[in-house]
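> Have a look; sequence and predicted model below, questions after that.
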Amino acid sequence: MVNDRGQLYTIEGIAAALILLVTAYFVVNSTSVYTPGDTHISDMQLEVLGTDALAMMDTMPNTTVGKSPLRQIVEQDDASRFNTLFPKTINARTGGMQDDVQYTVNVTYVVPNTESSIGSFHLANSSRPFTGTEHAVRVSRWVLVEGGFPGCSATSCQGKHAALVEVLVWRD
Amino acid sequence: MSDHAGVLSIDFLTGFTIFMLAFIWVATMIPGLLVGLNAHTIDFDAVAYRTGVILVEDPGAAGPSAVGGYQGVFPWEFQPDTRDVARLGLAVSKDTPNILNGYKVEQFFCKTAYSYPDDYRKRAIFGDYPYRFNISLNDTEMAMVHSVGDIAPDNYGYIRRDVKIKQASNATINSTKILAFGYTTTENVTSHQFSIALNTTELLDDKIRNPAYQINPFTDRIVINITGLEDTRNKTIFMPALPAPSGYNITSVRFYQRTHGQTSFSSWTPGTKYQNFLYDDENTTPVLPPVDIRNNVSLVFEPGFFSTALPNSDIYINLTFGMEEPQSYLNNTQTLPFDYNYDPANVTQPCLDDAVLEVAVW
């Protein structure tokens, strides 16, 4: 007679292992469910908008002007002009009501001839203040400027150097 | 006797395994049934973003059977057959993102050239799904809105891009400039000639290399207005009022080209579709020479007009004026041709108008 002691345990083990493997396969292979309303999409749209607005402000309207509006604003610390130009650019629509994007702007630069001293100043902001709880997106642009800044009027600050214009933009 | 306590039968194991497999399979399908998700709605924002990038950051491309090119470049906006257009991009060049070409904008929104939605789907939207869309462009400085597509429903993907539109350059040769440059002659003759020069080497390879600000005779619209012709004639000679002929006319407009650095000229003729470029006085309908004139003449060379001229050539536009009575008139044969260049005193330079583009996809 054939001795079948132990074979059942072996078959049972194989069956159990197959169940585990197949279950694990199905769990891992299940299709992910993407839900709409992903907030990162609106972040991306706002970031593209802010980047475009800064790029267009840093573009000369023609060759006779010499310096872009953004460069002139940073060199002259002209908050009033920024508060006129930036909202006009970022809130423009093709029809219907204008958008209502809020912002706050800082300019950061390396103090020339120091290599380690960082200076910054607040350039402008929208009418609604930034409290820190807004879901803001950061956009920035390097601008080549010439001359001193508030807080750095020394001779070493003259001449051309790069400044980083950082804008936090958000919608209420 | 063998001990079977605690051991399941093989039949039960087999059946239970098949049951569990089936149960797990169905359980994984339940979330898909409950959510009822349509995959295409997830794409709308991504497709809108991609379309925005193609429109504002890409200059577009013509298909492999394109015609009308210059120096190996075949702009899509010059293709007479829309089937030769592969991709509708509005940027001046790949190096100038967000700076749009004004003529490309005109062609993109031309309803006789491209039909909604098929022509735009194949050349700007792409993808297998038949998306519907609305693309709108607002030139805020000209207060002009272009739009193509349907009105967006409640649920749609969206992107907005801030751009600038490059406008054409133009030159106005008025009586002040005529006097300053000495563009008259004291010779009393019945035929006078006036020349305008387009030095393509100076325009494309010299000071201004940024395509956003360049005057490119091969692709840009060139506008030349000559005003104050009354001040160059002998005013003692009576000029009959309209509708009688004035006694002055443009006899012909001829074109010549000369390879830069060479001395010999060759005649050049524009393509047959570019015959309507001459406007007289205040008329908005183009005229063909010989044509009666009084005080103003305008030459409007549409984009692509000079595309068949030699590369690196100087292009000369020669106007011949005729009159019944011998007298002095506009004439620069004894001086230099009017140079259409980057001097803002001579030529109004290309300027960039603020604009905003919106793309909605559903």
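Sure thing, it's come through.
> Tell me which strands the lengthiest strand in chain A pairs with, and in which orientation.
As assigned by DSSP state E, the longest strand anywhere in chain A is strand A:160-171. Strand pairing for strand A:160-171, using DSSP bridges, gives strand A:101-110 (antiparallel), strand A:137-146 (antiparallel).
> Now do whichever helix in chain A runs longest, average pLDDT.
For chain A, the longest helix by residue count, based on DSSP state H, is helix A:7-29. Taken as a whole, helix A:7-29 has an average pLDDT of 73.
> ditto for stretch A:56-64
Per-residue scores along stretch A:56-64 average to 93.
> residues making contact with that stretch?
Stretch A:56-64 has contacts (CB atoms under 8 Å, 6 or more residues apart in numbering or on different chains) with A:66-71, A:73, A:85-86, A:89, A:141, A:143, B:98-99, B:162-164, B:208, B:212-213, B:342, B:344, B:349-352, B:354. In this view, the C-beta of every residue, glycine as well, is placed from N, C-alpha and C.
> So which of those belong to strands?
Reading strands off those with DSSP E, I get A:141, A:143, B:99, B:162-164, B:352, B:354.
> with these in mind, which one is nearest to B:Glu141?
B:Asp354 (5.6 Å; CB to CB).
> Can you name the residues bridging to the closest one?
Counting by DSSP bridges, B:Asp354 is bridged to B:Lys164.
> Surely it and A:Pro69 touch.
No - contact criterion CB atoms under 8 Å: B:Asp354 and A:Pro69 do not qualify, at 10.7 Å.
> the domain parsing of the chain - what is it?
With no chain named, the answer covers chain A. Split into domains by automatic domain parsing, chain A comes to A:1-33, A:37-171.
> Wait, chain B was what I had in mind.
Segmentation of chain B into domains, based on automatic domain parsing, reads B:44-167+B:352-361, B:169-348.
> closest one to A:Ser42 among the ones you listed?
Closest among those, using CB to CB: domain B:44-167+B:352-361, at 8.8 Å.
> pLDDT below threshold where in the chain?
You didn't say which chain, so I picked chain A. A:1-9, A:28-40, A:112-115, A:148-157 (pLDDT under 70).
> my bad, chain B
For chain B (pLDDT under 70), the answer is B:1-6, B:32-41, B:68-72.
> In the stretch 151-300 of chain B, which residue sits nearest chain A?
Distances between the stretch 151-300 of chain B and chain A by CB to the nearest CB are smallest at B:Asp162, namely 3.9 Å.
> Leaving aside the residues adjacent along the chain, what's closest to that residue?
A:Asp52 (3.9 Å; CB to CB, 6 or more residues apart in numbering or on different chains).
> That neighbour - that's part of a helix, no?
Yes - counting by DSSP: H, G, I helix; E, B strand; the rest coil, A:Asp52 falls inside a helix.
> separation between it and B:Met144?
According to CB to CB, to the nearest Å, A:Asp52 stands 20 Å off from B:Met144.
> who has more neighbours, those two?
A:Asp52 (23 against 13; other CB atoms under 10 Å in any protein chain shown).
> quick one on the thing from earlier: just checking, the residue of the stretch 151-300 of chain B closest to chain A touches A:Arg93?
No - using CB under 8 Å, B:Asp162 is not in contact with A:Arg93, being 10.9 Å away.
> Can you pull up the most central residue in the chain?
If you meant another chain, say so; for now it's chain A. The geometric centre of chain A, computed from its C-alpha atoms, lies nearest to A:Arg138 (CA atoms, centre = their mean), at 3.7 Å.
> I was after chain B.
Note: chain B centre (CA atoms, centre = their mean) maps to B:Tyr103, 2.1 Å.
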